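> structure for the following, please:
(chains A and B)
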Amino acid sequence: MGKMKIISCVSCAIVVLMCLICYSGYVSQQYYEVCTPYGYSPITGYEAKVLEEIPEGYEYHISEYAVMEEMQVVEITWELTGVVNESLGIIGNLCYYYGENGEWIDILEKDDDYWGEARSDSYNIIPPGESVLWREYVLVPRGMKTFSAQRTMGENEELIIEL
Amino acid sequence: MRCGRCGKHFDEEMYSGICPKCGHFNNRQAEYDVSKYFSAKFDDGGKTSTGAQEAKQHEKLHEMYDKYNMHRPAARQGGTGNYHQANRPAQPNPYQRNVTQTKPREKERERNIVTPICAILAVFAIAVTVIAGNLKKREIEEIYRTVDFDQETAEAGQVFEVNGRLLLVEGAEVVDTSMMSGIAEAEKLVAVTVEILPSEEWDSDWAYHTVYLSDGSACRQCLDSYALESIVSLDEFPASGDPYDIMEKIYDMRQSMVEDILTGSDYLNYDYGEGKTGTFYFLIDKGAGNVTISFDQEGTKNGVSILEKRVSVPLVLGEVS
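From the prediction side, this is the model:
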């Protein structure tokens, strides 16, 4: 019986010690996982409109004829707000876009020759409490009325864009 | 005579009535038929001895009325009339057996309280750890997502305090980038001149402090020296003018701009303890009008970095310099 008591006490002490260690490690990990601005969506609104022509300084990977006859350029203006206590930087595209059947939708990218190496895109931020506008251009088939968007970083919730 | 136990015939006078086979003392004078005292009759296998019959009857009574059979199988072949004395060494007293049997039970009744208590403590510790971890995670997330800071506004030329230092924004102007090839036509370079007043104490921590310029639709971080050098470059000589003069101007411009540049990571460091006047550079859209420069002051709450204060200075863009 004496052995049983000793084993019980030692096991209990080990369990309590492991709980303390696990708690400390878990909390430390949470500071990294929770305190990241990319984990929280800054999107508070959007506006989409069809453009008559391709905006200047943007690249597209299909023929101009196809662009003008079969596709249409849609300008999406995102309203972004800093919702956390840390500035969020936007690098590259804000979202990926998909058609009604899940097909990939081309995003017009800025031409480096036109905009230069140190263009302002590299320095766009969303400070806490500030609201900014972010524009992206996509090529969609003519007649398409809705398509979806998913953020490139952070939570990939699906947003439906209606034209 | 014939032995009353085993039935062997022997000489009574020679053996003095003691059977040489089984050792039974045969007393001719003490043989009585006691079967009348017992209701049960047993077949002793042909033996008509009173003693054998008595032994069987005795054993049967024990089986009928006692829980414990005190007699061994060997005793059934016959034996003395005192069965209890003969069998006591071989079979323990049932009362004694009960006593010995109750001792382990009494010991078992001494419950081990320590083990269940330790088990309960362990389960309790695990539950508390899980709950405390989830609560701490929620607390961290709530602090991080709660944007609550002091918003201050200062005018150009007005001294204000941020991050423990006194600053003064002198003004903003658009930089002439007509000769530079590292900037797009749709953008313009804005220079904001800031005077950092002397201070006896300064922040020796090399943390980055956010400084940005907003034009109403976008917020832009200040440029670092590397980006500025790439902007202030010349890929093609203009059609008019002396190319060497132009190159010299570009070189001098770059040198002066890099020397005076201020960035978010160094404008509060100890090098400026004696005060310094420098310039923050920003790239903004060409169509942007009035702008506002903002300085953020961060703090810590329960280990989470939060925004404590923001000082914003509205500026009117001057002519191209």
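
> show the contacting residues for residue B:284.
A:120, B:187, B:188, B:190, B:213, B:215, B:218, B:220, B:291 (CB atoms under 8 Å, 6 or more residues apart in numbering or on different chains). C-beta here means a position set from N, CA and C on the backbone, and glycine is covered the same way.

> wait, a strand at it?
Yes - using DSSP: H, G, I helix; E, B strand; the rest coil, the assignment for residue B:284 is a strand.

> what's the longest helix in chain B?
helix B:114-145 (DSSP state H).

> so for it, what gets flagged as buried?
By 16 or more other CB atoms under 10 Å in any protein chain shown, the buried positions in helix B:114-145 come out as B:114-115, B:118, B:121-122, B:125, B:129, B:133, B:136-137, B:139-141, B:143-144.

> domains of chain A?
Here the domain assignment for chain A is A:1-35, A:41-162, based on automatic domain parsing.

> highest mean neighbour count out of those?
Among those, domain A:41-162 has the highest mean neighbour count (mean count of other CB atoms under 10 Å in any protein chain shown), at a mean of 16.

> what about that one, start to end distance?
Counting by CA to CA, to the nearest Å, you get 20 Å between the two ends of domain A:41-162.

> now do it: distance to the chain's middle.
11 Å (CA atoms, centre = their mean, to the nearest Å).

> possible to save the domains of chain A as TSV with mean pLDDT?
Formatted as TSV, those follow (pLDDT from 0 to 100):
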stretch	mean pLDDT
domain A:1-35	93
domain A:41-162	85
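
> need those in a markdown table with distance to chain B, can you?
Shown next, in a markdown table, are the domains of chain A (distance: least, CB to the nearest CB, whole Å):
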| stretch | distance to chain B |
| --- | --- |
| domain A:1-35 | 4 |
| domain A:41-162 | 4 |
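
> quick one, which of these is nearest to residue B:6?
Proximity to residue B:6 (CB to CB) singles out domain A:1-35 among the domains of chain A, at 54.3 Å.

> pretty sure residue A:23 contacts residue B:129?
Yes - assessed by CB atoms under 8 Å, residue A:23 is found in contact with residue B:129 at 5.0 Å.

> now the strands for chain A?
Listed in chain order, the strands of chain A (DSSP state E) span A:43-51, A:58-59, A:71-81, A:88-89, A:95-98, A:106-107, A:109-110, A:125-126, A:131-141, A:146-151, A:158-162.

> I should have written the stretch 151-300 of chain B there, sorry.
Ranges of strands in the stretch 151-300 of chain B, per DSSP state E, counting those that start in this stretch, are B:159-162, B:165-175, B:187-196, B:211-214, B:219-221, B:276-285, B:291-301.

> what mean pLDDT does the fifth one get?
The one in question is strand B:219-221. Averaged across strand B:219-221, pLDDT comes to 93.

> tell me how far residue B:187 lies from chain A.
Residue B:187 sits 5 Å away from chain A, going by CB to the nearest CB, to the nearest Å.

> count the neighbours of that residue for me.
A count of nearby residues for residue B:187, using other CB atoms under 10 Å in any protein chain shown, gives 22.

> just residue B:280 next, same as before
Burial of residue B:280 is recorded as 25 neighbouring residues (other CB under 10 Å).

> correct me if wrong: it contacts residue B:211.
Yes - counting by CB under 8 Å, residue B:211 is a contact partner of residue B:280 at 6.0 Å.

> any common contacting residues for those two?
By CB under 8 Å, 6+ apart, the residues touching both residue B:280 and residue B:211 are B:222, B:262, B:263, B:267, B:293.

> residue contacts, residue A:48?
Applying CB under 8 Å, 6+ apart to residue A:48 gives the contacts A:74, A:75, A:76, A:77, A:161, A:162, A:163.

> is the longest helix of chain B in proximity to chain A?
Yes - residues of helix B:114-145 contacting chain A under CB under 8 Å from any CB of the partner chain: B:114-115, B:118-119, B:121-122, B:125-126, B:128-129, B:132-133, B:136-137, B:140-141, B:143-145.

> that helix packs against which elements?
helix A:2-34, strand B:304-315 (3 or more CB pairs under 8 Å, 6 or more residues apart in numbering or on different chains; DSSP states H and E).

> quick check: mean pLDDT of the last one?
In this case it means strand B:304-315. Across strand B:304-315, pLDDT averages out at 95.
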